[in-house]
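1. need a 3D model of the following:
(chains A and B)
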Amino acid sequence: MDVSRRGFLKIAGGTLAVGGIGFRPSLAHAEPLKIQYAKETTTICPYCSVGCSIIVSTRNGKVVNTEGDPDSPINRGSLCTKGGSIYQMANNENRLGKPLYRAPYATEWKEVDWEWTLDRIAENVKKSRDKSFRATNDKGEVVNRTEGIASVGSAALDNEECFVYQKFLRGLGLVYIEHQARI
Amino acid sequence: MTNHWIDIRNSDVILIMGSNPASNHPIAFKWITAAMEKGAKVICVDPRFTQSAAKSHIYAPLRSGTDIAFLGGMIKYILDNKLYFEEYVRNYTNATFLVNPDLKLPGDNNGVFSGLTDGKYDKSTWSYQTEGDGRIKKDPTMQDPNCVFQLLKKHYSRYTPEVVNQVTGTPVDKLIEIYKLYGSTGTKDRSAVELYAMGWTQHTVGTQNIRTMCMIQLLLGNMGVPGGGVAAMRGESNVQGSTDHGLLFHIWPGYLGTPKASLATLAAYLEKETPSTKEPNSLNWWKNKPKYVASFLRAMYGTNVTLDEAYNLLPKIDDGANYSWLNLFDQMYKGKFTGFFAWGMNPACSGAHSNKVRQAMTRLDWLVNVNLFDNETGSFWRGPGMDPKKIKTEVFLLPCAASIEKEGSIINSGRWNQWRYKAINPPGVALPDGDITSEIYFKVKGLYEKEGGPNADAITKLSWNYGPKTFDGHFHFDPHAVAKEINGVFLEDKTVENPTKPGEFKEFKKGDPVPTFAWLQDDGSTSSGCWVYCGSYTDKNMSARREGKKDPTGIGLYPEWAWAWPVNRRILYNGASVDPEGNPWSAKKAAIKWSGDKWVGDVPDGAGNPGSGRPPFIMKPDGVASIFGPGLADGPFPEHYEPLECPVEKNVLSPQKNNPTIKRFDKPGVGSDLDVYSGVDSCDPKYPFICATYRISEHWQTGVLTRWCPWLAEMQPEMWCEMSKELAKERGISNGDKVIVSSPRGQVECVAIVTPRFKPFNIDGNILHEVGIPWHFGWITTKDRSYNPGDKKAEVFTRGDAANLLVPTIGDANTTIPESKAFMVNVVKK
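-> Residues are numbered from 1 along each chain as shown, chains lettered A, B, ... in the order given. Just a heads-up that it's a prediction; the model follows:
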């Protein structure tokens, strides 16, 4: 069929008009928004340091949508590829959901419960600390430090967690305390 | 950042050097674009034609590791052409200070400053001349041959465009074009900002790279003004906060130095650490340090012990010792530690010389790794080349909550502290990191209460009132309680004189929040976990504020969106944005204005009443900014030194090839058998190409989170090596070929990406090639590793291992940040 541009538009318009008559009125409406009846909370992107605000929509304890927060003067609703993928951080079957334990010389992980894990870690901490604690250095100066434990981390923690973590480490007497800012 | 993201909009010239915001801080580019729409010019200087370069008005290539030469040339151009902002320089910097005539500059001293012995400087000649009463001698005309300004001129007189070109490979016409444009901002109405990231820090001269830029900003009067400043664009959402809160060996929260062993008492520590000045008009803000130290000690131990006891309980570092990252893993490799926490970190991929890091972990008795996903650190014992049956380390991989599964604050690069809310529960029995810390703390405390142990009070007497024990016996961590402790409270009823209005008194009750750090006390009557955050959580949670429309100054400060440290100030050093009489340098871009009886606009920084004569840089003892900076380890002025591993035989500028004050790990008795370098004294033909690591939008850091997100993994699934068409031709490599990139430390398989974005450098007549590799990959998410039953398998597999397998154990002379932006490799077709 030989159709001029003008003719094509006529045919296309006619087809659309015919299609339109066939719909029931309720279907002519847009589908309900996927965030309808969802609870909204705001968060700040966990990746780079721009500090973009994100709206997280949840329904029945599941994240149903994440999007840039237009109220933030910093990102005004925009997000980059990473910020736009926060949805997959929450909906991700590969997230760790249970403590894992690898015994010395073992070839596999074993799932363990928190109580056992925490007790075992605490025993290890005490053993390492008591064995390596130095009240004084070679010059006889008071140093009160634990030399046999080191820590790295973390710029991925919230401020409140950073403060409490450094409190824990310094309370233990650690001096080898480092994190992402050094690398 | 001295300023903040939105403020980039106020710039007339934007220099992108040592960073690539279009790829790595994409939304920041919104504000660069906004500036461009208002007529701003953007310059990008980078070894590679990056996405940021593609959006810039001027692009210039430079060889990795030669930034000081480039910027030193700019200083010379600014001085020679009198582009500097003289009134600013004379009043607000130490350019007028007279320096000890015995100081020798590298140009007269074989490439080093006076005082160098065995890789360490005796800084006695890096001092100022003083009057009888101790005040620093000055020459306001800046003509005295020993004044800082003249020494600066002399030092950089060697950095001619021709010499700079020989070092950097940047064409001379590009140098001049950029120097001229950037130098055009040394006027009252114009301002320029510099944006840097790891492209500047990850060098053996990293700190001096940044200092050179600070000096330029001071010469041009660009520090403290809207659209100005030096912008450290940080790579992690809360690396500003984790640094503020002292998760580093050398600082307590709030940038208070970790006590050294020689300082036996709190009094000795305060005496040594609190700066003083003889300058009559200088405010010397750090004179308040005893208040911040006392308040920090109270935040650690409450009133369970005295301040002196608290100081004694806490660990001390040996004088002169360095416990930073590279040393930490060196010590681990040598078997020093039995235990290790890798909390929210993946050092098996992020640590320089990752093979050494991975081997080091086999020497541990136990490792606690906390993360959202399985990763190369927690699973190091089953990584490439490891035989689990021979590895003794007991490993605990603890599942934690993601950012949207808990509540708390993080602070962005512009120091804006923003509150996040919990949207959902974490998966399974995963817990917020704060809960995990609390749980371990109470378990350890219980053991010490039951069994005792050395210095047990240091643990058992810590204050830890962060929420009740729940019905199931677990400790819930309440971030609001901690945020209040970080802010600080009065620990007793007290009447305090208003620090800004002498004679006026205010009554506080026990438990009242401290309004700002000016109200903190040195007698133990207040606590504050981190003094710079004082004011963030008072009668309300200031960081949770969300008024994102109000912009009363019109310069984008948005003072009621979140909260910025310190005291909600959005532009640091803004006292330098007004002249000594208090008038803004630029009426169009006023950060603060005097209304007749007070400053309005941003929260003023260091500005005294107009005409008071107070110099505005109040965090410096003498009140002025440092063009001469005797505080650093490697010189009071930045000097160009070649990267440790480099492709040139000689430093064109002096006989001193490398930074003389870096710690070499290949020296006998220092590092380990694994610490090998190539091409240090002379070029090594086995590793002929310069290599730099870099990042992309789709992944984050080691990819520890993003490689597990199918959308992102699908977009960027594979380790690559980017190279020029010329290099590819020379090596018979085609786009898409498999190649092996190797250094003396290790090798990584990559896909070749052959692009015109890299061009060979002509360095002093020699053709040199540079290649680039991303550092987001690791073996855990690959298809071809061995999986045990129950192992997590990525939905979309990635390929390739860590770029850091290639990076040497060598760090900056001041910070010890590793030199991942300039090391030598070979590239061959597989």
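2. so where is chain A shaky, pLDDT-wise?
-> Scanning chain A for pLDDT under 70 picks out A:1-29.
3. just the helices from it, written as ranges.
-> Using DSSP state H, the helices of chain A run over A:5-22, A:87-90, A:114-132, A:159-172.
4. number of nearby residues for residue 167?
-> By default, I'm working from chain A. A:K167 has 25 neighbouring residues, counting by other CB atoms under 10 Å in any protein chain shown. All C-beta spots, glycine's among them, are computed from the backbone N, C-alpha and C.
5. you looked at the wrong chain, it should be chain B
-> Residues near B:V167, counting by other CB under 10 Å, number 25.
6. next one: B:K55
-> 17.
7. name the helix or strand for the residue lying closest to it once chain neighbours are set aside, please.
-> Excluding its sequence neighbours, the residue lying closest to B:K55 (CB to CB, 6 or more residues apart in numbering or on different chains) is B:A22, at 5.9 Å. Element membership for B:A22, per DSSP states H and E: helix B:21-24.
8. quick one, what contacts residue 124?
-> Picked chain A for this. Contact analysis of A:N124 by CB atoms under 8 Å, 6 or more residues apart in numbering or on different chains lists B:339, B:365-366, B:394.
9. my question was about chain B, not that one.
-> By CB under 8 Å, 6+ apart, the contact set of B:S124 is B:100, B:115.
10. now B:K593
-> B:K593 makes contact with B:578, B:584, B:599-601, according to CB under 8 Å, 6+ apart.
11. please apply the same query to B:K506.
-> B:K506 sits next to B:495-496, B:498 when contact means CB under 8 Å, 6+ apart.
12. how about it, secondary structure?
-> What DSSP: H, G, I helix; E, B strand; the rest coil gives for B:K506 is strand.
13. read off the pLDDT value for it.
-> pLDDT recorded at B:K506 is 97.
14. and the nearest residue to B:D551 once chain neighbours are set aside, how many neighbours?
-> Nearest residue to B:D551 in three dimensions, chain neighbours excluded: B:Y558, at 5.7 Å (CB to CB, 6+ apart). Other residues near B:Y558 come to 23 when the count uses other CB under 10 Å.
15. from B:K550, how far out is B:Y558?
-> Taken as CB to CB, to the nearest Å, the spacing of B:Y558 relative to B:K550 amounts to 7 Å.
16. mind listing what's buried along stretch B:760-777?
-> B:760-761, B:763, B:768-777 (16 or more other CB atoms under 10 Å in any protein chain shown).
17. for stretch B:790-800, same thing?
-> Buried residues in stretch B:790-800, defined by neighbour count with 16+ other CB under 10 Å: B:792, B:794, B:796-800.
18. what subset of those is also close to chain A?
-> Among the buried residues of stretch B:790-800, the residues that sit close to chain A (CB under 8 Å from any CB of the partner chain) are B:792, B:794.
19. which of the buried residues of stretch B:790-800 sit farthest apart?
-> B:K792 and B:G800 (18.7 Å; CB to CB).
20. thinking again about what came up before, just put the buried residues of stretch B:790-800 in CSV and tack on secondary structure and pLDDT.
-> Formatted as CSV, the buried residues of stretch B:790-800 follow (DSSP: H, G, I helix; E, B strand; the rest coil; pLDDT from 0 to 100):
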residue, secondary structure, pLDDT
B:K792, coil, 93
B:A794, coil, 95
B:V796, coil, 96
B:F797, coil, 97
B:T798, coil, 97
B:R799, strand, 97
B:G800, coil, 97
